[in-house]
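Participant: Fold the following, please.
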Amino acid sequence: MTLVSVLLEILQRPTIGDVLAELMMFMAPLWIAVVVGVLVGWSWKPEWANMGREMLDSSSVPNNSSPAPPTSSASSVSASIPSLNSLKLQLPSCISWIGDDGIDKGAAQVAPTVDSDCSSSQLKTENSVVVAEDDLEHLCRLVEMKDGGPAWIQMMDRSTPTMSYKAWRRDSDTGPPQYRSSTIFEDATPELVRDFFWDDGFRSRSKWDDMLIYSSTLEECPTTGTMLVHWVRKFPFFCSDREYVIGRRIWESGRSYYCVTKGVPCSSVPRRNKPRRVDLFYSSWCIRAVESKRGDGQLTACEVLLFHHEDMGIPWEIAKLGVRQGMWGAVKKVDPGLRTYQKERASGAALSRYAFMAQINTKVSADYLRSLESSSNDSSEVETFGSSEKPTGRNIPRLLVVGGAIALACSLDRGLLTKAVIFGVARSFARIGRRL
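Facilitator: Numbers count the residues shown, from 1 in each chain. Below you'll find the model as predicted:
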């Protein structure tokens, strides 16, 4: 009713010139927003604008490699327009200049290097192993919540007849949001689940992880099982794809498996403008047998404790919103994928190279793991749904948003209608800022 009364007030201006002037002042900010939206939308290059770019990738490939990564279509316009890159389970980046370079398909399909003594320049960086004992120690502390980080805030508790899922989040003072999850699969062994998550070939082929559009093994060590892999992950149409060079390794203690994967530098994969390289990437998990929810006392279920964070170059507050909205939709695809993998293995299907490498583990004793955990007395707390999550310093202060809206309204227009629209938008953003 307020907007209607304001509009009637404008129409009652004494002259038609005054009416048109008021309406023009009202429409100007809206047209500016439309133009900006069109430019940003064009720079994001939605998927339907690049239809057919993967049509040539239908030829068969080895087990250790997915089809070659897609190249970006050339555009003279995109080279001069700033673009916002990135999202899906986590979302777009700050403005950066887009180039038209893609990944060289010929270079991407090079066969992996098998290094018998694991001393190559890629599996070692500056005389240090890509994935080392320090990474195992860090993962152990995360599993036992003795890493000394902030409290974990519970954000989800969902289940299906064959899977239970809980998730937590915490904010870091110096990096992106960190996530912790516990997934329990009924009637699954730790060994099968270990192979399942390591098998990039099945991950792409079965589409349970539909974000992975390219994967290949760059190097592998048959002694420790350490692998260097190259991924390209697809993001929603308003984001550019992301590229990862990942080092990974598995430690075994009894029937518990500590799997470390993290982003590592790699000179053999040249850095391109598109897809954008993600340098800060950490996704590690502990896989272990647990009691079934049937309560029969049998360790017939498998728990996966996952710890994940990455910096995709997008605002962290927006990333948290994207994760919260898309998390369950992505997680519930994992269980059907695992059951399909389970049936294939039961039918006697041959092991892929990825699954074969997953079975090469570094064995450690339980006493050694306890010594790693006891080396730190710092503990992390877990907050439940009932805990009050207070906004952090990065949240949008309501007073700042509303104050900025007042200044904008007073500087742009004297008309009441424009002021009402600006104040309404400001209140919406302030509410979003409090919730993020």
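Participant: Kindly provide the whole-number mean pLDDT of stretch 341-359.
Facilitator: This predicted structure assigns stretch 341-359 an average pLDDT of 95.
Participant: Can you give me the end-to-end span of that stretch?
Facilitator: This stretch, stretch 341-359, spans 16 Å end to end (Cα to Cα, to the nearest Å).
Participant: Ok, stretch 193-207 next?
Facilitator: As for stretch 193-207, its first-to-last residue distance stands at 17 Å under the measure Cα to Cα.
Participant: And that stretch, what's buried?
Facilitator: Of all the residues in stretch 193-207, those buried under the rule 16 or more other Cβ atoms under 10 Å are 193-204, 206. Yep, even glycine has a C-beta here, placed from its N, CA and C like the rest.
Participant: and if you look at stretch 255-271?
Facilitator: Using 16+ other Cβ under 10 Å as the burial criterion, the residues of stretch 255-271 that qualify are Ser256, Tyr257, Tyr258, Cys259, Val260, Thr261, Lys262, Gly263, Val264, Cys266, Val269.
Participant: Okay, and which of those map to strands?
Facilitator: Judged by DSSP state E, the buried residues of stretch 255-271 include Ser256, Tyr257, Tyr258, Cys259, Val260, Thr261, Lys262, Gly263 as members of strands.
Participant: before we move on, back to that, so can I have JSON lines of the buried residues of stretch 193-207 showing secondary structure?
Facilitator: Conversion of the buried residues of stretch 193-207 to JSON lines gives the following (DSSP: H, G, I helix; E, B strand; the rest coil):
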{"residue": "Val193", "secondary structure": "helix"}
{"residue": "Arg194", "secondary structure": "helix"}
{"residue": "Asp195", "secondary structure": "helix"}
{"residue": "Phe196", "secondary structure": "helix"}
{"residue": "Phe197", "secondary structure": "helix"}
{"residue": "Trp198", "secondary structure": "helix"}
{"residue": "Asp199", "secondary structure": "coil"}
{"residue": "Asp200", "secondary structure": "helix"}
{"residue": "Gly201", "secondary structure": "helix"}
{"residue": "Phe202", "secondary structure": "helix"}
{"residue": "Arg203", "secondary structure": "helix"}
{"residue": "Ser204", "secondary structure": "helix"}
{"residue": "Ser206", "secondary structure": "helix"}
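Participant: From those residues, pick the one nearest Val331.
Facilitator: Minimum distance to Val331 across these is 13.1 Å, recorded for Phe197 (Cβ to Cβ).
Participant: ok so, going back, return the closest of the buried residues of stretch 255-271 with respect to Leu11.
Facilitator: Out of the buried residues of stretch 255-271, the member with the shortest distance to Leu11 (by Cβ to Cβ) is Gly263, at 59.7 Å.
Participant: Show me the beta-bridge partners of that closest one.
Facilitator: Note on Gly263: beta-bridge partners Ile246, judged by DSSP bridges.
Participant: my guess is Ser181 meets Tyr165, correct?
Facilitator: Yes: taking Cβ atoms under 8 Å as the contact criterion, Ser181 and Tyr165 are neighbours in contact, 6.7 Å apart.
Participant: what sits in contact with each of the two?
Facilitator: Where contact means Cβ atoms under 8 Å, 6 or more residues apart in numbering, the residues bridging Ser181 and Tyr165 through contact with each are Val331.
Participant: follow-up on the earlier one: so can I have JSON lines of the buried residues of stretch 193-207 showing distance to Glu219 and pLDDT?
Facilitator: Listed next are the buried residues of stretch 193-207 as JSON lines, based on distance: Cβ to Cβ, whole Å; pLDDT from 0 to 100:
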{"residue": "Val193", "distance to Glu219": "25", "pLDDT": "97"}
{"residue": "Arg194", "distance to Glu219": "21", "pLDDT": "97"}
{"residue": "Asp195", "distance to Glu219": "20", "pLDDT": "97"}
{"residue": "Phe196", "distance to Glu219": "22", "pLDDT": "97"}
{"residue": "Phe197", "distance to Glu219": "20", "pLDDT": "97"}
{"residue": "Trp198", "distance to Glu219": "15", "pLDDT": "97"}
{"residue": "Asp199", "distance to Glu219": "18", "pLDDT": "96"}
{"residue": "Asp200", "distance to Glu219": "14", "pLDDT": "95"}
{"residue": "Gly201", "distance to Glu219": "17", "pLDDT": "94"}
{"residue": "Phe202", "distance to Glu219": "21", "pLDDT": "95"}
{"residue": "Arg203", "distance to Glu219": "19", "pLDDT": "94"}
{"residue": "Ser204", "distance to Glu219": "20", "pLDDT": "89"}
{"residue": "Ser206", "distance to Glu219": "25", "pLDDT": "90"}
